[in-house]
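Student: Sequence and predicted structure, then a few things I'm wondering about:
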Amino acid sequence: MKIKKTIRIERSPQDVWHLIAEEFDQAYLWMDFVKKSYPLDEFSQNQTAPIPGRVCEFTDNPNGLKAKEKILSYSEEEMRFSFDAIPIDAPKVFPVKKNIVTMSVKAISDDQCRASWESNITLSVLGILLYPILRRGLSKNFTGVLKDLKNYLEVSSRTFSARSA
């Protein structure tokens, strides 16, 4: 299953890139459904990324659902990177096996850009059976992620600047 979402953000492309890529492990700051996030503690073959990846925790329960997100490709020049989001501590009947996400930032002007989220999702048998419902739900979720990003950068964090970070 492939899902692509984009959003226009009234911030410089550098500010958006800084938050989503250079501070990749800080997802909890701007993603509403992430309770905690921290750097992945393992070696990375990809030496261009600032960190090998992150872990996102979605509940306050230490044994609750998490995602291990390992950076697969990273291009600062193109403002584009991909990561493999693998569910951890998911219920046995979880509909998603794996999710390869590509995020990118494209300049519109010096103070506006378009951020995109592309998911290539591998479904479990249950996920295949629930495809129409799952597609609608995930599409809504990914739109929400981009709206969280927009809100954080445009409203909540007016003083944030990649240039001063």
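Tutor: Looks like it came in fine. Residues are numbered from 1 along each chain as shown.
Student: List the contacts of the longest helix seen in the chain.
Tutor: Counting by DSSP state H, the longest helix found in the chain is helix 131-151. Helix 131-151 has contacts (C-beta atoms under 8 Å, 6 or more residues apart in numbering) with 1, 3, 5-9, 16, 19-20, 30-33, 95-96, 115, 117, 119, 121, 123, 127. Bear in mind the C-beta positions are built from the backbone N, C-alpha and C, glycine included.
Student: could you pull out the strands for the protein?
Tutor: Per DSSP state E, the chain carries strands over the ranges 2-9, 36-39, 53-57, 66-75, 80-88, 96-109, 112-123.
Student: Now the buried members of the contacts of helix 131-151.
Tutor: Neighbour-count burial (16 or more other C-beta atoms under 10 Å) applied to those gives 1, 3, 5, 7, 9, 16, 19-20, 30-31, 95-96, 115, 117, 119, 121, 123, 127.
Student: what comes up buried for stretch 36-56?
Tutor: By 16+ other C-beta under 10 Å, the buried positions in stretch 36-56 come out as 37, 40, 44, 46, 49, 51-56.
Student: Quick check: end-to-end length of it?
Tutor: 6 Å (C-alpha to C-alpha, to the nearest Å).
Student: swap in stretch 58-70?
Tutor: End-to-end distance of stretch 58-70 (C-alpha to C-alpha): 17 Å.
Student: next one: it to chain centre, how far?
Tutor: Offset of stretch 58-70 from its chain centre (C-alpha atoms, centre = their mean, to the nearest Å): 14 Å.
Student: buried stuff in it?
Tutor: Neighbour-count burial for stretch 58-70 flags 58, 66-70 (criterion: 16+ other C-beta under 10 Å).
Student: From the centre of this protein, give me the residue that's furthest out.
Tutor: The outermost residue of the chain relative to its centre, with distances by C-alpha atoms, centre = their mean, is L129 at 25.6 Å.
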